[in-house]
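In: this one's structure only:
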């Protein structure tokens, strides 16, 4: 407190020596385009409430406020100039808009769109600065004055009769569309001088046993349901969302619902069947209690025997899809691995499969049609601490990696946002995960040290 009081007294004495005229000359000389009567009046007028304003920085001028007893500089002198500058920007915006009309610049936003966005940002910053100054005044004012100030909301509102920029509904929609397109391009486009590969992991559409609850009890293959009518519509509509990713290859789980979803989506994307690959590496979570709905049951024995019914993967695909399509498709891993498997083994299997598929694609963008647990694994392989739930039907994630100039691929990073494509996740466990990994490293290091010491003593 002693040092704070010393600094305040020093600032006050400096302001007395300089005088109000010298302090005012620190402010930029901004020409006025409106009469001074329209600028907001100084609110803080009592000597004990005068404030020393330092030189502003940038367009708005962030003011550093210090109590200066005896200083005669109005608290809102910088704010008045900011209001006048805002009015000049408004008039310049209208003149620029009339001059260029709706002409757009190649590869960028239109000029008047950028001007509108800059003015909106400046206006927001100005109102935030108004609120900061107002809050400072409330803190240093007496109670009756503070109560009167709280009732005044005109400080944060535009003045009546002030010329404000107006955009029609169609212009606002176009601005929002262009901004969204520019943001999406920045997320998916490769940096200059690099090559980017996208890995899209998508869940299948709605299953018939999720609509008809009695289907599993009477079905011959309750572990392999087909799509419902709504699920087929979902698979057809999702192609419109995937077109912007320029997908070249499709990898599919051998389950019937995934084969149907992939066929509808790939046809909408214009991807030929020779670029489709069926692989058991991205199959369902191999837990017999979760593979069927209530009323159904998985057969005993080896899953590769009763799932393919004695046939191979190629014959299984021919049974599920038209022969003209199935004959052109590629076959990847021909059989399932460990059965049953726990969640940890399933996540490791998916992670290895995703990496192997990306390497096999040789830089092309890939769509993987799999199951809900596979989509969860696409999140946890990048963020091990994340909890992914829920995953909607035909929900997908988009991960990207960049190829450096030396030919080496960089790490994967998630470029899709939470919830934008039907997948949500939570990251509250990130601190606990780092603590666990740190403790695990300490334990492993201690175990290694004890082991080496034991070997030395044994020798």
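Out: Thanks, I have it. Just so it is clear, the model here is predicted, and its values are computed rather than measured. Numbers count the residues shown, from 1 in each chain.
In: what ranges of the protein fall below the confidence cut-off?
Out: 1-167, 175, 178-179, 181-186, 459 (pLDDT under 70).
In: Run through the neighbouring helices and strands of whichever strand or helix holds residue 197.
Out: Using DSSP states H and E, residue 197 sits within strand 195-203. Applying 3 or more CB pairs under 8 Å, 6 or more residues apart in numbering; DSSP states H and E, one finds that strand 195-203 contacts helix 229-242, helix 343-361, strand 366-370, helix 372-380, strand 396-403. C-beta here means a position set from N, CA and C on the backbone, and glycine is covered the same way.
In: right, so these: which one is the most enclosed?
Out: strand 366-370 (a mean of 28; mean count of other CB atoms under 10 Å).
In: quick one: contacts for the residue lying closest to residue 267 once chain neighbours are set aside?
Out: Nearest non-adjacent residue to residue 267, counting by CB to CB, 6 or more residues apart in numbering: residue 239, 7.7 Å away. Shown in contact with residue 239 (CB atoms under 8 Å, 6 or more residues apart in numbering): 264-265, 267-269.
In: Just the buried ones from these?
Out: 264-265, 268-269 (16 or more other CB atoms under 10 Å).
In: Adding secondary structure, write the residues you listed out as a markdown table.
Out: A markdown table is the format used below for those (DSSP: H, G, I helix; E, B strand; the rest coil):
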| residue | secondary structure |
| --- | --- |
| 264 | helix |
| 265 | helix |
| 268 | helix |
| 269 | helix |
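In: Kindly indicate which of these lies nearest residue 247.
Out: Closest approach between the buried ones among the contacts of residue 239 and residue 247, by CB to CB: residue 269, at 5.9 Å.
In: In space, what's closest to the closest one - neighbours in sequence excluded?
Out: Nearest one to residue 269, counting by CB to CB, 6+ apart, is residue 239 at 5.2 Å.
In: how close does that neighbour sit to residue 200?
Out: Distance of residue 239 to residue 200, given as CB to CB, to the nearest Å: 12 Å.
In: Residue 374 now?
Out: 12 Å.
In: between the two, what contacts are shared?
Out: Shared contacts of residue 374 and residue 200, counting by CB under 8 Å, 6+ apart, come down to residue 368.
In: what residues are up against the closest residue to residue 372 other than its chain neighbours?
Out: Excluding the flanking residues, the one nearest residue 372 by CB to CB, 6+ apart is residue 391, at 4.6 Å. Neighbouring residues of residue 391 by CB under 8 Å, 6+ apart: 203, 372, 375-376, 422-424.
In: Out of the helices and strands packed on strand 195-203, flag the one nearest residue 450.
Out: When the helices and strands packed on strand 195-203 are compared by CB to CB, helix 343-361 sits nearest residue 450, at 26.8 Å.
In: What lies in contact with the closest one?
Out: Contacts of helix 343-361 (CB under 8 Å, 6+ apart): 197, 199, 201, 248-249, 251, 279, 281-282, 285-287, 337-338, 341, 366, 368, 370, 373-374, 376-378, 380-381, 401.
In: hmm, back to that, need the helices and strands packed on strand 195-203 in TSV with distance to residue 260, can you?
Out: TSV is the format used below for those (distance: least, CB to CB, whole Å):
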stretch	distance to residue 260
helix 229-242	7
helix 343-361	20
strand 366-370	9
helix 372-380	16
strand 396-403	16
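In: for the ones you listed, which one sits closest to residue 431?
Out: When the helices and strands packed on strand 195-203 are compared (using CB to CB), the closest one is helix 372-380, at 16.5 Å.
In: how far off strand 396-403 does that closest one point, in degrees?
Out: With axes from the mean of the first three to the mean of the last three CA atoms, to 10 degrees defining the directions, helix 372-380 sits at 40 degrees from strand 396-403.
In: follow-up on the earlier one: out of the helices and strands packed on strand 195-203, the one nearest residue 222 is which?
Out: Of all these, helix 229-242 sits nearest to residue 222, with 16.7 Å by CB to CB.
In: Which residue is the nearest non-sequential neighbour of residue 242?
Out: In space, residue 242 is closest to residue 269, 6.0 Å off (CB to CB, 6+ apart).
In: contacting residues for the one you found?
Out: So residue 269 contacts 239, 242-243, 247, 367 (CB under 8 Å, 6+ apart).
In: cool, residue 423 as well?
Out: Applying CB under 8 Å, 6+ apart, the residues contacting residue 423 are 375, 379, 388, 391-392, 395-397, 416.
In: residues near residue 434, how many?
Out: 11 (other CB atoms under 10 Å).
In: hmm, I was thinking of residue 440
Out: The burial count for residue 440: 10, using other CB under 10 Å.
In: Next: the one 4 residues further on.
Out: Applying the criterion other CB under 10 Å, we find 10 residues in the vicinity of residue 444.
In: element containing it, please.
Out: Per DSSP H and E: helix 430-458 holds residue 444.
In: helices or strands up against that helix?
Out: Packing contacts for helix 430-458, counted by 3+ CB pairs under 8 Å, 6+ apart, involve no helix or strand.
In: Residue 223 in helix, strand or coil?
Out: Quick answer, by three-state DSSP: residue 223 is coil.
In: Wait, it touches residue 293, no?
Out: No - Residue 223 is beyond contact range of residue 293, at 9.5 Å (criterion: CB atoms under 8 Å).
In: so residue 389 makes contact with residue 424?
Out: Yes - at 6.5 Å, residue 389 counts as touching residue 424 under the criterion of CB under 8 Å.
In: how many other residues sit next to the residue nearest to residue 304 when sequence neighbours are not counted?
Out: Nearest non-adjacent residue to residue 304, counting by CB to CB, 6+ apart: residue 335, 4.6 Å away. Applying other CB under 10 Å, we find 15 residues neighbouring residue 335.
In: Enumerate every residue touching residue 335.
Out: With contact taken as CB under 8 Å, 6+ apart, residue 335 is in contact with 280, 304, 313.
In: Next: residue 243.
Out: Residue 243 touches residue 269, counting by CB under 8 Å, 6+ apart.
In: Out of the helices and strands packed on strand 195-203, which is closest to residue 300?
Out: Of the helices and strands packed on strand 195-203, nearest to residue 300 by CB to CB is helix 343-361, at 20.4 Å.
In: Regarding stretch 294-314, how distant is the last residue from the first?
Out: One end of stretch 294-314 sits 30 Å from the other (CA to CA, to the nearest Å).
In: If you count neighbours, what's buried in that stretch?
Out: 296, 298, 303-304, 307-308, 313.
In: so how many other residues sit close to residue 223?
Out: 21.
In: Report the separation between it and residue 209.
Out: 10 Å.
In: same check, this time on residue 313
Out: Counting by CB to CB - residue 313 and residue 209 are separated by 23 Å.
In: and what of residue 452?
Out: Separation of residue 452 from residue 209 (CB to CB): 56 Å.
In: who has more neighbours, those two?
Out: A count of neighbours by other CB under 10 Å puts residue 209 above the other of residue 452 and residue 209, at 23 against 10.
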